[in-house]
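Trainee: Return atomic coordinates for the entry below.
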Amino acid sequence: MSLLRLSARLKAIAELVPDGIGAADVGTDHGYIPVWLAQNGYGGKLYATDINKEPLRHAKQTAAEYGQDGRIEFHLCDGLSALKGKNIDTVVIAGMGGENIASILEAAPWTRENSCFLILQPMSKSAHLRKWLYNNGFRVLSEQLVDDSGIYEILTASAGTDEPYSPAELLIGHARLIASDPLYEKRLAQLTDKIGKEVSGLSASLKSEALERLTDTKETLLSLQKLKSSGFKAGD
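Mentor: The predicted structure follows:
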């Protein structure tokens, strides 16, 4: 039986899953993460969900192709809606926007009540996700950057009280968690450049909504510049 090989992004996510009693991959798409876990010694029950029939069909095909169809329980559902009451201690939500991830968790308060270990990989709106986690009783435990034809953010979290974020840290994560990452300086430079261009664009606009956003965007840019100039290293 051949072994499934994952992209750098998916492998980094899968390697964060601790062995446990049950792991759920939400929005599983082709089912690569649960199949890889089944092949690489995960001992608990594996669940895969998707809101659309076609991706779930592909996931089932992947499981069958690699001889793991009996190891994974598949559910056609929105987010985690079909998994309430299941014995799950790890939840993976990857490859979707931060707002969507937050809405999935908001609809499943049992993930906080049961202190589930969350592995989250937002494709966008990571600041929204971090803010939601902070406001809803979750503590971010780790931050990681992965280069896979672009830089991707992976964070882990569980129930708890977190430290406040600066505007810059909402975008890149708590400096104490991410500053030692090899890609940190590159990511920080990218964000500083992006927000700097947003400030320039908003400053040139005469629209009232642009002027309303300008103050907050300038604050974020100053926060990024301060973080960049601080030379912060993990442990400082």
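
Trainee: wait, doesn't Gln190 sit right on Asp147?
Mentor: No: taking Cβ atoms under 8 Å as the definition, Gln190 is not a contact partner of Asp147, at 11.8 Å. In this view, the C-beta of every residue, glycine as well, is placed from N, C-alpha and C.

Trainee: quick one: the helices in this protein?
Mentor: Along the chain, the stretches classed as helices by DSSP state H are 8-14, 32-39, 53-65, 98-106, 110-113, 126-135, 167-172, 175-178, 184-204, 208-230.

Trainee: Could I get the ones you listed in CSV, plus columns for mean pLDDT, distance to Ser2 and mean neighbour count?
Mentor: As requested, the helices of the chain are exported to CSV (pLDDT from 0 to 100; distance: least, Cβ to Cβ, whole Å; neighbours: other Cβ atoms under 10 Å):
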stretch, mean pLDDT, distance to Ser2, mean neighbour count
helix 8-14, 98, 16, 20
helix 32-39, 98, 9, 24
helix 53-65, 96, 9, 17
helix 98-106, 98, 32, 20
helix 110-113, 98, 34, 17
helix 126-135, 98, 35, 20
helix 167-172, 97, 38, 22
helix 175-178, 96, 36, 19
helix 184-204, 94, 35, 15
helix 208-230, 89, 45, 15
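
Trainee: Those: which one's closest to Leu46?
Mentor: Distances from Leu46 to each of those were compared using Cβ to Cβ; the minimum, 4.4 Å, belongs to helix 32-39.

Trainee: How far off centre is that closest one?
Mentor: 18 Å (Cα atoms, centre = their mean, to the nearest Å).

Trainee: what about Cys116, how many residues close to it?
Mentor: By other Cβ atoms under 10 Å, the residues close to Cys116 number 24.

Trainee: Got the phi and psi for it?
Mentor: The main-chain torsion angles of Cys116 are listed as degrees, to the nearest 10 and equal phi -60, psi 150.

Trainee: Help me confirm that Pro164 comes into contact with Lys131.
Mentor: No: with contact taken as Cβ under 8 Å, Pro164 and Lys131 are classed as non-touching, separated by 10.5 Å.

Trainee: Look up how far Gln190 lies from the residue located most distally from the centre of the chain.
Mentor: Taking Cα atoms, centre = their mean, the residue of the chain most remote from its mean C-alpha position is Leu206, at 35.6 Å. In this structure, Leu206 and Gln190 are separated by 28 Å, where distance is defined by Cβ to Cβ, to the nearest Å.

Trainee: ok, now His75?
Mentor: Relative to Gln190, and taking Cβ to Cβ, His75 is found at 37 Å.

Trainee: Then Ala24?
Mentor: Here the distance between Ala24 and Gln190 works out to 32 Å (Cβ to Cβ).
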